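Provided below are the primary sequence and the corresponding predicted coordinates.
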Amino acid sequence: MNSADDYKVLTAINETHEVYLVQNIIDKKIYVKKILHVYDRKIYDFLLESPIYGTPGIIELFEDASGLTVIEEYISGKSLDEIISAKSLTTGSVKHYLLQLCHIVNTLHKSTPQIVHRDIKPSNILIDSRDNIYLLDFNAAKFYSNSSGSDTRLLGTHGYAAPEQYGFGSSSEKTDIYGIGMVLKEMLASCSSDTSQYEHIVSKCTMINPDDRYKNIDALILELEGRSGLLYCDNASYPFYLLPGFRSKSPFKMLIATLGYGLLIYMGFTLDMGNSGISGIIENIFICLALLSVILCSFNYMNIQKIMPLCRLNNRIIRYLGIIILDILSFISVAVIYSILTIAD
């Protein structure tokens, strides 16, 4: 069995945080050595026994009165921090990296017991030569349980730590969702292309109240893949099929939506197209449906915009053009259905 002295320091990776590139004097292999003073030994024991894909493998642990020495797999690559600084990201690479990060964090959250990382930030994310992501540094991580009380001290990084890490609640999987949202925000800020399609994801991830964030990483992944409207409801009390304006949980938006839909119904039933009786009522119903279809397409109800390729492009003008075309087609479709039913009668 090796000892801490069997690892010769080659160079300092981060002298301040006591992270070194080392070589085992016996097998001559290169590793990373970290000396920790704040940590949960049980987390590292777990990672040693149950390696998590997308995190550096733990090779050995040595603990003494001064702290914990961690010997882990060396992975060559660049930190996400460096890539953001180089401003070389595109919306495609942002999505690629973020989905990988989400899958790694999801594995942590689904482990038994559940692990919350609590320090997700660009400098703790490494990207290798094959464009694969690795999540580093588990010295702030903890096992989560429903009985956990409020955090008593900040473990994490200012600017990325969620409000509950400052003593306003207990860290949970939603704490990591907040960190992912902050990472996404930084990546988007370095992109030269239009990133507006991700802004609502940043907003939801970084809500002050953890209950207002995504329910879990699965929900965030589905949102990123553009499938959340059809497959997932991240809050049981606000089903995905609710009309635009009522899914935000914002009282102001729900009030505006109520007034808007009321106006739509009023317009639909006050238009006089010359028919009376049952025919007139049916005609008014279809007018309301035609107007409603335009609203639903405009606000991407149940991810309907995915059927129009133009709506998925990064160029804002082209995307808006696609939405307008989809609105027109939906209105025409309702009109055609009404005409068919009228002819059939």
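Looks like it came in fine. Numbering: from 1, shown residues only.

export stretch 75-92 as CSV, just CAs?
Presented in CSV, the C-alpha positions along stretch 75-92 are these (Å, rounded to 0.1, in the frame of the first residue of the first chain):
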residue,chain,number,x,y,z
ILE,A,75,-7.2,14.7,-16.5
SER,A,76,-5.6,16.9,-19.1
GLY,A,77,-7.7,19.8,-20.4
LYS,A,78,-8.9,23.3,-19.9
SER,A,79,-11.2,24.7,-17.3
LEU,A,80,-14.5,26.1,-18.4
ASP,A,81,-13.4,29.3,-16.9
GLU,A,82,-10.6,29.6,-19.4
ILE,A,83,-12.9,28.7,-22.3
ILE,A,84,-15.4,31.4,-21.2
SER,A,85,-12.6,34.0,-21.0
ALA,A,86,-11.5,33.1,-24.5
LYS,A,87,-15.1,33.9,-25.7
SER,A,88,-15.0,30.8,-28.0
LEU,A,89,-18.4,29.4,-27.0
THR,A,90,-21.4,29.1,-29.3
THR,A,91,-24.9,28.3,-28.3
GLY,A,92,-24.3,24.8,-29.6
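
give me the element the spatially most central residue of the chain is part of.
The chain has Leu220 as the residue nearest its centroid, 4.3 Å off, counting by CA atoms, centre = their mean. Under the criterion of DSSP states H and E, Leu220 resides in helix 217-224.

next, Lys34: phi, psi?
phi -120, psi 140 (degrees, to the nearest 10).

excluding its backbone neighbours, what's nearest it?
Using CB to CB, 6 or more residues apart in numbering and skipping the chain neighbours, the partner closest in space to Lys34 is Val70 (4.5 Å). In short, each C-beta sits where N, CA and C put it, glycine included.

with Thr206 instead?
Of all residues not flanking Thr206 in the chain, Gly181 sits nearest, at 4.1 Å (CB to CB, 6+ apart).

now do the helix or strand where the one you found lies against helix 217-224, angle only.
Assigned by DSSP H and E, Gly181 belongs to helix 173-189. Our comparison of helix 173-189 with helix 217-224, counting by axes from the mean of the first three to the mean of the last three CA atoms, to 10 degrees, yields an angle of 30 degrees.

show me what counts as buried in the next helix or strand after helix 173-189.
Next in sequence after helix 173-189, counting helices and strands by DSSP H and E, comes helix 199-205. Neighbour counts over helix 199-205 (16 or more other CB atoms under 10 Å) mark 201-202, 204-205 as buried.

just the residues contacting helix 199-205, thanks.
For helix 199-205, the external contacting residues (CB atoms under 8 Å, 6 or more residues apart in numbering) are 177-178, 180-182, 184-185, 188, 212-214, 220, 223-224.

now do it, average pLDDT.
Regarding helix 199-205, the rounded mean pLDDT is 94.

that's a strand at the residue nearest to Lys34, yeah?
Yes: under DSSP: H, G, I helix; E, B strand; the rest coil, Val70 falls within a strand.

ranges for the helices of the stretch 151-300 of the chain?
173-189, 199-205, 217-224, 228-231, 251-270, 277-298 (DSSP state H, counting those that start in this stretch).

contacts only, for the residue nearest to the centre of the chain.
Contacts of Leu220 by CB under 8 Å, 6+ apart are 102, 177, 180, 201, 205, 214.

same question for Cys191.
Contacts for Cys191 (CB under 8 Å, 6+ apart) come out as 87, 89-91, 94.

any idea how far Gly280 is from it?
To Gly280, Cys191 is 53 Å away according to CB to CB, to the nearest Å.

about what we covered before: for the helix holding Gly181, which helices and strands make contact with it?
With contacts taken as 3 or more CB pairs under 8 Å, 6 or more residues apart in numbering; DSSP states H and E, helix 173-189 sits against helix 80-85, helix 91-109, strand 115-116, helix 199-205, helix 217-224.

that helix versus helix 91-109: what angle between them?
Using the same axes, to 10 degrees: helix 173-189 against helix 91-109 is 170 degrees.

go through helix 173-189 and flag the buried ones.
173-188.

how about the contacts of Cys191, which pair is most distant?
Lys87 and Thr91 (13.3 Å; CB to CB).

any stretches of the stretch 201-345 of the chain with poor pLDDT?
227-241, 247-250, 273-274, 302-303, 306, 312-316, 344-345 (pLDDT under 70).

switch the cut-off to 90
222-257, 260, 263-287, 290-291, 296-323, 335, 338-345 (pLDDT under 90).

now, the most widely separated pair of the buried residues of helix 199-205?
Val202 and Lys204 (7.6 Å).

if we can go back for a sec, possible to save the contacts of helix 199-205 as a markdown table with distance to Leu47?
What follows is the contacts of helix 199-205, written out as a markdown table (distance: CB to CB, whole Å):
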| residue | distance to Leu47 |
| --- | --- |
| Ile177 | 21 |
| Tyr178 | 22 |
| Ile180 | 20 |
| Gly181 | 25 |
| Met182 | 24 |
| Leu184 | 25 |
| Lys185 | 28 |
| Leu188 | 31 |
| Asp212 | 31 |
| Arg213 | 26 |
| Tyr214 | 25 |
| Leu220 | 23 |
| Glu223 | 28 |
| Leu224 | 26 |
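
what's the most distant pair in those?
Longest span within the contacts of helix 199-205, CB to CB: Leu188 and Asp212, 20.2 Å.
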